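Student: Just to be clear, the model below is a prediction. Sequence and coordinates:
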Amino acid sequence: MNGPADIQVLIDALRGDLDGVRQENAVLRDEGASLRRENAELREQIAELERRLSKNSSNSSKPPSSDGLKKPPRTKSLRGKSGKKSGGQVGHKGGTLKQVANPDRIEPHEADCCRHCRAGLTPAMSMGVAKRQVFDLPEPRLAVTEHQASIYCCAECGGRTTADFPEGVSSPAQYGPGVKTAAIYLNVEQLIPEDRLAQAMQDLFGAGRLCPASIVAWGKKKAVEWAGVAAHIAALVAKAPVRNLDETGFRVGGKLQWLHTASTPTLTAYRVTEKRGEVTEGLEGGVIVHDHFKPYYSLPGVGHALCNAHHLRELKALIEIEKEPWARQMRDLLVDAVKAVREAVAQGATGLTDAVRGSLLRRYNNIVRRGLAFHREQPKLSRAAGARGRTPLRPGHNLLNRLHQFRHDVLRFLHDFTVPFTNNLGEQALRMMKVKMKISGGFRTMAGAKRFARLRSVVSTARKRGWNILETLIAPPAILIWRLSG
């Protein structure tokens, strides 16, 4: 270096290098922050994917059919032990086959020698008979009845008169009400598709010329006859003090439609709609039990009760997957609550004592507070790029908010013993309809889907009331409405 000028040049160079390092450091810091955000997002995505993979029918609302070959082992009830021994309970009436007093046919069997000394035996030595009865089906075949209407020629005017045939006998050859009833029963109740049903009727009864179009026509006619019966069932459900509401997807004409049900222990009403949010209207007061589908809260003048089976499944997932400490406590609280209600009902009480109810409510509120405090301490979830709306919450936090904001609906069964702990009744009403979808794939037209829903409403109601289904299918609609009213 020769002087101050050279030193200044060196200083300027070092300053330039330092600025470059600072800029590079700033870039690296931005990249580091970006990588940390990306890493956090990836961790959250991995956690969400692991949560989805860990879900099954026992810890979520997924149906058992979605478990596939990896179906989890069967576990005990989410509500815990009932305290009852396995098998038939005391007072349960068995269903053992019993002998009848008047059999259709008697076949005598005689012996001709003593099985001890081999001496001969005669009818006079008989002391009585030992009876064993075999219940079996006769050989299935169609019984053909020929109706002959006499034709007369009037002696006065020479005119011809033919006697009247019985009502309903309108063709030279036709199937009678028994065949039609059996076909509708197998189609609507046992869910056998029309093509297979025609084959089954041929195999079982020799109805060789029965075609699927005839089965469809019989179903259409019965649906028209039962329009008033189905409407009466819906009106009775609307007036019931407690109803279970639920909905599920329904394939109609290759498009997703929705099947809604409103049911009680003795009534079932079905509706098919184009939109899921077209929930059952016209309910007159009372309480509706559902799974927190928001449109149900738009129904005026009704109380609400939430399905705790859904809550128990969500809590099970939080216990097994997220390992959140409050979830097990809430699960135990709900199990203890329903157990207390069952014990009170068994003792003939119409409500819990103030001490028991107060203790359960305090436990519930304390668990919710601890759960919310736990989630306030957790780092916030990152918002996806371009995402709108509020910051997402963890599944446990969402469940806690629901348990807190709708605690009266969650615990309504504690205060009103007529309200069930779960919405299983509503889900059961939809279960066989989903089986129909699996068998047939869907309906071709909305009209066909609505006809089936109407028929199923009446058949399901008859089944709940213990009516004979074949007699129900034959009975006049006015008789069915009278029986429902009674």
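Tutor: Yep, that arrived.

Student: So for stretch 158-176, mean pLDDT?
Tutor: Averaged across stretch 158-176, pLDDT comes to 89.

Student: buried residues in it?
Tutor: Buried residues in stretch 158-176, defined by neighbour count with 16 or more other CB atoms under 10 Å: residue 175. (Each C-beta comes from the backbone N, C-alpha and C, glycine too.)

Student: List of residues touching it?
Tutor: 145, 147, 149, 150, 151, 152, 153, 154, 177, 207, 210, 214 (CB atoms under 8 Å, 6 or more residues apart in numbering).

Student: Including distance to residue 14 and secondary structure, could those go into CSV?
Tutor: Shown next, in CSV, are those (distance: CB to CB, whole Å; DSSP: H, G, I helix; E, B strand; the rest coil):
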residue, distance to residue 14, secondary structure
145, 116, coil
147, 119, coil
149, 123, coil
150, 129, coil
151, 128, strand
152, 132, strand
153, 135, strand
154, 136, coil
177, 107, helix
207, 103, coil
210, 101, coil
214, 99, helix
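
Student: Let's see the PyMOL selection covering just the buried ones among the residues you listed.
Tutor: Burial among the contacts of stretch 158-176 is assessed by 16+ other CB under 10 Å; the matching PyMOL selection reads:
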select buried, resi 207+210+214
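
Student: least confident pick among the contacts of stretch 158-176?
Tutor: Out of the contacts of stretch 158-176, that is residue 207, at 83.

Student: Verify the stated contact: that residue with residue 142.
Tutor: Yes - counting by CB atoms under 8 Å, residue 142 is a contact partner of residue 207 at 6.1 Å.

Student: Find the residues that touch each one of the two.
Tutor: Common neighbours of residue 207 and residue 142 (CB under 8 Å, 6+ apart) are residue 179.

Student: Going by distance to residue 198, which of the contacts of stretch 158-176 wins?
Tutor: Checking the contacts of stretch 158-176 against residue 198 by CB to CB gives residue 210 as the nearest, at 5.1 Å.

Student: In contact with that closest one, which residues?
Tutor: So residue 210 contacts 175, 179, 183, 198, 201, 202 (CB under 8 Å, 6+ apart).

Student: ok, 7 Å please
Tutor: Shown in contact with residue 210 (CB atoms under 7 Å, 6 or more residues apart in numbering): 175, 198, 201, 202.

Student: nearest to residue 96, of those residues?
Tutor: The closest of those, once distances to residue 96 are taken by CB to CB, is residue 201, at 31.9 Å.

Student: Now the closest one: closest residue in space that isn't a chain neighbour?
Tutor: residue 207 (4.3 Å; CB to CB, 6 or more residues apart in numbering).

Student: same question, residue 274
Tutor: Excluding the flanking residues, the one nearest residue 274 by CB to CB, 6+ apart is residue 257, at 5.7 Å.

Student: Repeat that for residue 251.
Tutor: Per CB to CB, 6+ apart, closest to residue 251 is residue 442, 3.1 Å.

Student: Check the gap between residue 458 and residue 383 for me.
Tutor: 51 Å (CB to CB, to the nearest Å).

Student: Show me where the stretch 151-300 of the chain has its helices.
Tutor: Per DSSP state H, counting those that start in this stretch, the stretch 151-300 of the chain carries helices over the ranges 177-188, 194-205, 212-225, 227-239.

Student: distance between the second one and the chain's centre?
Tutor: Relative to the centre of its chain, helix 194-205 is centred 28 Å away, using CA atoms, centre = their mean, to the nearest Å.

Student: Residues in contact with it: which ones?
Tutor: 140-142, 183, 186-187, 192, 207-208, 210-212, 215-216.

Student: do the third one as well
Tutor: Contact partners of helix 212-225, identified using CB under 7 Å, 6+ apart, comprise 180, 183, 184, 187, 194, 195, 197, 198, 451, 454, 455, 477.
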